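Asks: Quick one: sequence and predicted model below, then my questions.
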Amino acid sequence: MKSLMIQGAKILATGSAVPSSSFSNNEISKVVDTSDAWITTRTGIKERRLLKGVDKSIIDLAVLASKKALDKILMDPSQIDLIILATSSPNDLFGSASKIQYEIGAINAVAFDLTAACSGFVLSLVTASQFLQTGVYRNILIVGADVLSKWVDWSDRGTCILFGDAAGAAILQSCSSIDNSILGFQLNSDGNYSKHLSIAYEHNIVPHSELNLYQGSFKHISMNGKEVYKFAVFQVPLSILKCLNSLNMSVDQVDWLVLHQANERILTAIAEKLSISSNKVIANLHKYGNTSAASIPLALDEAIQDNKISHNDIVVIAGFGAGLTWGTIIIRW
């Protein structure tokens with residue numbers, strides 16, 4: 001049993017990966033009754049990336065994103081103590097994190113999946129920070145990855161235009177409490193509204209009726225866009241303000257706002273409610289669409305590559321989505 005002592009946690013590196021195949025609004029209009037103007041006006045999305053090929057899976061994207069993060073700091077995978085995969089579309093219903101552990105050579109790491117849909121990366125950050133701050137582990141790899149193109153009903157104009165495939169990764173390390181970067185967090189769930197965004201299970205009776213068992217399969221993504229929009233625009237600003245208030249910080253101190261990339265209207269409405277300039281909102285939704293658990297680490301990694309985020313910047317990260325779940329984590333970069 002390792003001794004427990006309160007330490008700090010910090011992000012050492014990030015990485016991301018997207019499929020090479022893009023799918024524009026004009027192309028999607030050939031599949032379903034829509035248009036580039038209709039999609040852009042309502043969502044802000046111009047294209048999305050789709051993982052194609054019968055032999056391709058979420059593992060491919062997650063492994064590539066993980067290796068990119070490791071390479072940036074020249075870390076040997078054997079130094080990773082824990083891997084958390086945030087996903088709602090694992091390659092195996094029993095979990096895919098252990099496959100990533102094997103593929104990257106993290107021979108000393110324990111690995112598990114965490115399912116919280118579009119809030120998954122935020123919950124993974126919080127979960128990882130707890131392991132690090134208690135001194136149980138030193139290096140943790142978290143991956144947000146989803147391949148929701150496999151669960152989309154391509155005849156449903158309300159959902160098929162939204163989702164894309166991607167993976168994003170971050171490596172966290174324990175540090176002294178003085179150097180702690182994870183300043184605070186705030187998490188919520190409300191299962192009463194879970195029906196508004198789901199991939200429901202549909203059962204059928206087993207042919208052998210004497211067993212009295214039901215077996216079936218999961219259906220396609222179902223979403224009540226109006227209700228999800230109202231939920232996000234109302235709850236996310238409250239979560240962010242509550243988190244800032246707990247740290248005696250003001251909105252003016254926020255340098256960057258990294259939100260789950262669900263819809264441009266949602267990003268704009270949240271920023272307006274907080275009176276945060278659009279210049280502080282990191283967004284890449286137009287290129288990738290909604291990539292669920294991958295959207296935040298993908299946007300974060302691109303912002304870092306573009307040298308937007310600087311040392312000591314206050315970064316507010318907020319996720320929201322199916323469950324319904326939502327949460328905020330505040331980081332000093």
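Replies: That came in fine, so what should we check first? Residues are numbered from 1 along each chain as shown.

Asks: What average pLDDT does the helix of greatest length in the chain get?
Replies: Longest helix in the chain by number of residues, with DSSP state H as the criterion: helix 225-246. The average pLDDT within helix 225-246 is 94.

Asks: helices or strands next to that helix in the packing?
Replies: Under the contact criterion of 3 or more C-beta pairs under 8 Å, 6 or more residues apart in numbering; DSSP states H and E, helix 225-246 touches strand 182-189, helix 264-274, strand 314-321, strand 325-332. Backbone N, C-alpha and C define where each C-beta goes, glycine included.

Asks: Quickly compare these and say which is most buried.
Replies: Mean neighbour count (mean count of other C-beta atoms under 10 Å) peaks for strand 314-321 among the helices and strands packed on helix 225-246, with a mean of 25.

Asks: Can you give the strand pairings for it, parallel or anti for each?
Replies: strand 256-259 (parallel), strand 325-332 (antiparallel) (DSSP bridges).

Asks: Show me what counts as buried in the longest helix of the chain.
Replies: Using 16 or more other C-beta atoms under 10 Å as the test for burial, helix 225-246 gives 225, 228, 231-233, 235-237, 239-241, 243-244.

Asks: what about the helices in the protein?
Replies: Going by DSSP H, the chain shows helices at 25-28, 36-43, 58-72, 97-104, 120-133, 157-160, 225-246, 264-274, 285-288, 295-305.

Asks: Any idea which helix or strand in this structure has the lowest mean pLDDT?
Replies: strand 201-205 (a mean of 78; mean pLDDT, DSSP states H and E).

Asks: contact partners of that strand?
Replies: With contacts defined as C-beta atoms under 8 Å, 6 or more residues apart in numbering, strand 201-205 is touched by 213-219.

Asks: Out of the residues you listed, which is nearest to Ser16?
Replies: Closest approach to Ser16 among the contacts of strand 201-205 (C-beta to C-beta): Phe218, at 26.7 Å.

Asks: And the closest one, how far from Gln101?
Replies: 25 Å (C-beta to C-beta, to the nearest Å).

Asks: neighbour-wise, which of these two wins?
Replies: Neighbour count, other C-beta atoms under 10 Å: between Phe218 and Gln101, Gln101 has more, with 24 against 12.

Asks: Which residue lies closest in space to the more buried one, excluding its sequence neighbours?
Replies: Excluding the flanking residues, the one nearest Gln101 by C-beta to C-beta, 6 or more residues apart in numbering is Ala111, at 4.1 Å.

Asks: Mind putting the strands paired with strand 314-321 into CSV with distance to Cys175 and mean pLDDT?
Replies: Compiled in CSV, the strands paired with strand 314-321 are given as follows (distance: least, C-beta to C-beta, whole Å; pLDDT from 0 to 100):
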stretch, distance to Cys175, mean pLDDT
strand 256-259, 21, 98
strand 325-332, 12, 96
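
Asks: Leu51 is nearest to which of those?
Replies: strand 256-259 (23.6 Å).

Asks: how far away is the most centrally placed residue in the chain from Gly225?
Replies: In the chain, the centroid-proximal residue (C-alpha atoms, centre = their mean) is Ala293; its distance is 2.2 Å. Per C-beta to C-beta, Ala293 is found 19 Å from Gly225.

Asks: same question, Leu213
Replies: Where Gly225 is concerned, Leu213 sits at a distance of 36 Å (C-beta to C-beta).

Asks: got it, and Asp81?
Replies: Counting by C-beta to C-beta, the gap from Asp81 to Gly225 is 40 Å.

Asks: where does this protein have low pLDDT?
Replies: 1-5, 205-209 (pLDDT under 70).

Asks: And it, what are its domain boundaries?
Replies: 8-179, 182-192+222-332 (automatic domain parsing).

Asks: contacting residues around the residue nearest to Asn224 when sequence neighbours are not counted?
Replies: Nearest residue to Asn224, sequence neighbours excluded (C-beta to C-beta, 6+ apart): His196, at 4.3 Å. Each residue near His196 by C-beta under 8 Å, 6+ apart is listed here: 223-224, 227-228, 231, 324.

Asks: Ala65: neighbouring residues, count only.
Replies: 29.

Asks: circling back: nearest to Arg49, of the helices of the chain?
Replies: Across the helices of the chain, closest to Arg49 is helix 285-288 (C-beta to C-beta), at 5.9 Å.

Asks: Which residues does the closest one contact?
Replies: Residues contacting helix 285-288 (C-beta under 8 Å, 6+ apart): 18, 43-49, 164, 166, 261-264, 267, 295, 298.

Asks: Kindly report the same for stretch 61-74.
Replies: 12-19, 51, 76-77, 83, 85, 87, 96, 100, 103-104, 141, 143, 145, 147, 165-171, 294, 297, 301.
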